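K.L.:
let's see this in three dimensions:
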Amino acid sequence: MGLLASLPLLIGLIRHTIGPLNSTIKSLQNGLLNFRDGDFSISLVPPKDNELRQITLLYNEIGEHLRKERAHIYQRELLLDTVIQTSPQALLLVDQSDRIIYSNSSAKQLLNNGKPIQGLLLQKLLPKSPKEIVSAINSWKNGLFNYTDTNGPHSMHIGNSTFVLNAQKHRLIVLREMTRELTRAEVEVWKKVIRLISHELNNSLAPISSLAHSGKVLVTKPGKEQALEKVFDIIADRCKHLTEFTQGYASFAKLPPPSCETIAWQDLVDRIMPIQAFSLKGSLPDEPGYFDLIQLEQALLNLIKNSREAGSNSEDIELEIATDTFGQKLVLSDRGCGMSEKVLEQALLPFFSTKEQGVGLGLALCREIIDAHDGYIQLLNRPSGGCKFAFGYHGKIKKTRHVTSYATEALQMGK
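P.N.:
Numbers count the residues shown, from 1 in each chain. As a prediction, the model looks like this:
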């Protein structure tokens with residue numbers, strides 16, 4: 001009977017003990033559900049029980065940490081979005097269904113007169129844009145293109161990249177206005193050209209003028225025929241230098257598009273050998289090449305001449321030619337003085353020369369010729385001394401292959 005009488009008291013005691021525990025567990029459960037939904041704003045009141053108090057304090061600490069992390073991420077996202085939105089570059093993020101899921105203000109201005117474009121299909125938006133922009137975006141190519149609108153001519157650069165986001169392929173398109181930068185660069189080039197031309201003209205015209213005056217004086221004096229002949233020889237020499245100088249600029253500025261045809265490699269070698277001596281490494285490919293004979297001959301002559309001027313003997317200048325189904329590769333190696341790292345970086349630029357009388361057009365013309373053949377050219381120092389010029393291009397067969405693979409194979413051939 002005593003046990004039955006104490007049972008209600010025992011039940012009440014258990015409820016009193018377990019009640020706060022259930023309440024705390026319920027609160028923790030609700031809080032974790034809020035965490036799952038991204039709500040970190042709720043904090044729990046710590047109970048008196050020491051064990052439960054430690055749990056709720058830890059929960060509150062985690063919630064505070066998550067709130068700070070969210071605020072920090074939000075600030076960083078806000079900063080990044082502000083930077084992107086104020087960027088002069090037009091940025092478009094397109095998903096695999098060709099729908100624009102993100103764009104900045106420059107993209108809206110360029111493609112839709114400042115109106116929102118997010119959520120629109122790219123192909124439905126493009127017809128409102130200049131055809132050059134449409135062509136650049138649809139071609140997926142990176143590089144420069146030009147177009148004209150009511151504000152005048154523009155030069156732009158387009159860049160494309162792809163990545164996977166949320167298991168879907170996305171495309172990032174970046175369009176950058178380059179008109180001002182290219183104009184500045186063009187002005188700088190023209191200034192340099194004018195300085196170079198003025199320098200060359202002054203170097204020749206000043207002595208010609210002086211010699212002409214001396215010749216006029218010598219004509220009046222008998223017995224000075226030999227001195228007068230020397231004056232005329234010097235004048236002729238300076239005129240020849242000026243002619244070669246102007247022809248060099250003309251050949252660089254007026255390089256026509258290559259007129260490619262099928263040509264036996266032996267024909268190319270036979271044309272070059274009598275003009276600039278060199279050694280042929282290995283055997284020539286059985287399959288003929290496909291190139292502009294005059295232009296490729298000029299490029300090789302310039303390279304061989306450059307090797308000789310760098311101090312290489314003719315027998316140390318080696319040319320190797322190879323072809324495969326992907327293209328044609330040529331490697332010219334010498335044992336000259338080589339180039340410094342700084343010179344290597346600038347050697348192919350127009351008007352750059354380390355020679356006292358050089359005009360900086362020989363290697364630049366080679367680069368123009370190879371570029372016109374849709375190829376590459378690369379300059380490297382050889383480990384045992386000298387330089388290596390490697391270049392190649394697709395030729396008649398048009399197959400996709402990365403240019404660096406040509407360079408790697410060509411350089412391996414030239415070792």
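K.L.:
ok, V217 to I235 distance?
P.N.:
14 Å (CB to CB, to the nearest Å). Backbone N, C-alpha and C define where each C-beta goes, glycine included.
K.L.:
these two: which has the busier surroundings?
P.N.:
I235 (18 against 11; other CB atoms under 10 Å).
K.L.:
I'd say that one and H213 touch.
P.N.:
No - judged on CB atoms under 8 Å, I235 makes no contact with H213 at a distance of 11.4 Å.
K.L.:
show the pLDDT at L300.
P.N.:
On pLDDT, L300 comes in at 90.
K.L.:
for it, which non-adjacent residue is closest in space?
P.N.:
Sequence neighbours aside, I272 is the residue nearest to L300 in space, at 5.6 Å (criterion: CB to CB, 6 or more residues apart in numbering).
K.L.:
and the strands in the protein?
P.N.:
Listed in chain order, the strands of the chain (DSSP state E) span 90-94, 100-103, 143-149, 152-165, 168-177, 261-263, 279-280, 289-291, 318-324, 327-333, 375-381, 387-393.
K.L.:
go ahead and confirm H154 touches T148.
P.N.:
Yes - H154 lies in contact with T148 (CB under 8 Å); the separation is 7.0 Å.
K.L.:
between these two, point out the one with more neighbours.
P.N.:
H154 (18 against 10).
K.L.:
list the contacts for that one?
P.N.:
Neighbour list for H154: N146, Y147, T148, E177, T179 [criterion: CB atoms under 8 Å, 6 or more residues apart in numbering].
K.L.:
any chance of those residues in TSV, plus distance to K108?
P.N.:
Shown next, in TSV, are these (distance: CB to CB, whole Å):
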residue	distance to K108
N146	22
Y147	18
T148	21
E177	15
T179	20
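K.L.:
most widely separated two among those?
P.N.:
T148 and E177 (13.5 Å; CB to CB).
K.L.:
please indicate which of the contacts of H154 are buried?
P.N.:
Using 16 or more other CB atoms under 10 Å as the burial test, the contacts of H154 include Y147, E177 as buried.
K.L.:
which one of the contacts of H154 sits closest to L165?
P.N.:
Looking across the contacts of H154 and measuring by CB to CB, the closest to L165 is E177, at 27.1 Å.
K.L.:
contacting residues around the closest residue in space to that closest one that isn't next to it in sequence?
P.N.:
Nearest residue to E177, sequence neighbours excluded (CB to CB, 6+ apart): M156, at 5.8 Å. Residues near M156 by CB under 8 Å, 6+ apart: I133, A136, L144, F145, N146, Y147, L175, R176, E177, M178, T179.
K.L.:
partners of the third one in the sheet?
P.N.:
Translated: L144. Note on L144: beta-bridge partners by DSSP bridges are H157.
K.L.:
surely it meets G159?
P.N.:
No - taking contacts as CB under 8 Å, L144 lies outside contact range of G159: 10.8 Å.
K.L.:
turn the contacts of M156 into CSV, including pLDDT.
P.N.:
Formatted as CSV, the contacts of M156 follow (pLDDT from 0 to 100):
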residue, pLDDT
I133, 86
A136, 86
L144, 80
F145, 83
N146, 83
Y147, 81
L175, 89
R176, 87
E177, 84
M178, 79
T179, 74
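K.L.:
among the residues you listed, which pair sits farthest apart?
P.N.:
Spatially, the most separated pair among those is A136 and T179, at 15.0 Å (CB to CB).
K.L.:
this structure: helices as residue ranges?
P.N.:
For the chain, the helices defined by DSSP state H cover 2-36, 50-86, 105-112, 122-125, 131-139, 179-219, 225-253, 265-272, 293-309, 341-346, 362-372, 403-413.
K.L.:
closest one to F389 among those helices?
P.N.:
Of all the helices of the chain, helix 293-309 comes closest under CB to CB, at 5.1 Å.
K.L.:
what's the angle from the closest one to helix 265-272?
P.N.:
With axes from the mean of the first three to the mean of the last three CA atoms, to 10 degrees applied, the angle from helix 293-309 to helix 265-272 works out at 60 degrees.
K.L.:
in TSV: the helices of the chain, plus distance to G385.
P.N.:
Listed next are the helices of the chain as TSV, based on distance: least, CB to CB, whole Å:
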stretch	distance to G385
helix 2-36	68
helix 50-86	49
helix 105-112	51
helix 122-125	54
helix 131-139	44
helix 179-219	31
helix 225-253	29
helix 265-272	24
helix 293-309	12
helix 341-346	15
helix 362-372	19
helix 403-413	16
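K.L.:
least confident of those helices, on average?
P.N.:
Among the helices of the chain, helix 403-413 scores lowest, with a mean of 37.
K.L.:
what's the closest non-adjacent residue to N146?
P.N.:
S155 (5.3 Å).
K.L.:
can you pull the pLDDT of the one you found?
P.N.:
The model's pLDDT for S155 equals 83.
K.L.:
now for it: which residues touch it?
P.N.:
Taking CB under 8 Å, 6+ apart, one finds L144, F145, N146, E177, M178, T179, L182 in contact with S155.
K.L.:
then L319?
P.N.:
With CB under 8 Å, 6+ apart, L319 has these contacts: V269, F278, S279, L280, K281, L300, L330, V331, L332.
K.L.:
hang on, the earlier thing: now the contacts of M156 as TSV including distance to G375?
P.N.:
Output for the contacts of M156, formatted as TSV (distance: CB to CB, whole Å):
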residue	distance to G375
I133	28
A136	23
L144	19
F145	21
N146	24
Y147	27
L175	27
R176	26
E177	29
M178	24
T179	29
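K.L.:
quick one: the closest residue to G338 other than its chain neighbours from G327, how far?
P.N.:
The shortest distance from G338 to any non-neighbouring residue, by CB to CB, 6+ apart, is to N381 (4.6 Å). With distances taken as CB to CB, N381 is found 25 Å from G327.
K.L.:
repeat that for S139.
P.N.:
S139 is 22 Å from G327, by CB to CB.
K.L.:
these two: which is more packed in?
P.N.:
Comparing S139 with G327 by other CB under 10 Å, the one with more neighbours is G327, at 25 against 12.
K.L.:
if I look at I235, how far off is S214?
P.N.:
10 Å.
K.L.:
what of L332?
P.N.:
Distance from L332 to S214, by CB to CB: 45 Å.
K.L.:
same check on K305?
P.N.:
From K305 to S214 the distance is 34 Å (CB to CB).
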